[in-house]
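Peer 1: Provided below for reference: sequence and predicted model.
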Amino acid sequence: MEDLIVTHYLTIPASELQAVYSRSGGPGGQNVNKVNTKATLIWDLNQTQALYPTTLTRLQALAASRITDEGLLKIHCQVHREQPRNLQACRDLLRGLVLEALKPVVVRKETKPSAGARRRRLSDKKLTGEKKRGRNERWE
């Protein structure tokens, strides 16, 4: 297996990735019962040197359902009929997860509504109240 290039400055070494194949439940006709086409890509997050600790923490939060108790990130793919295509789909999914974890967290800045927005909100509330009060008046 070759290194997984995520960006021009981040590469996951092939020595940290492991591919395991098993029987697939997906398409394949008679081959489903004979050929191991389902690919599982395993990456030990506890032993990796490829990511900074902050990125690793974000990746663990993003992929929490895919991480085992031992800290192994497992990605399964059984969409295609061939091992190499399923492995490539796993690698693409891992690349996408790492790219998402690389994005910086944007902290929301609290803002106050403008004076005009407050005025419009209050005038709308008054109009709604007047409309409802007008419904209670009896016609004689």
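Peer 2: Here it is on my side, so go on.
Peer 1: where does the protein have low pLDDT?
Peer 2: Scanning the chain for pLDDT under 70 picks out the ranges 26-28, 138-140.
Peer 1: how about the helices in it?
Peer 2: Applying DSSP state H to the chain gives helices spanning 53-62, 83-102, 115-136.
Peer 1: right, and these - which one's nearest Thr11?
Peer 2: helix 83-102 (10.5 Å; CB to CB). Bear in mind the C-beta positions are built from the backbone N, C-alpha and C, glycine included.
Peer 1: Just the residues contacting that closest one, thanks.
Peer 2: Under the contact criterion CB atoms under 8 Å, 6 or more residues apart in numbering, helix 83-102 has outside partners 1, 4, 6-7, 10, 12, 19, 21, 24, 36-41, 43, 51, 55-56, 58-59, 62-63, 73, 75-80.
Peer 1: Now do the buried residues in stretch 42-54.
Peer 2: Neighbour-count burial for stretch 42-54, counted by 16 or more other CB atoms under 10 Å, picks out Trp43, Leu45, Thr48, Ala50, Leu51.
Peer 1: residue contacts, Tyr21?
Peer 2: Going by CB under 8 Å, 6+ apart, Tyr21 touches Asn36, Thr37, Lys38, Ala39, Thr40, Gln83.
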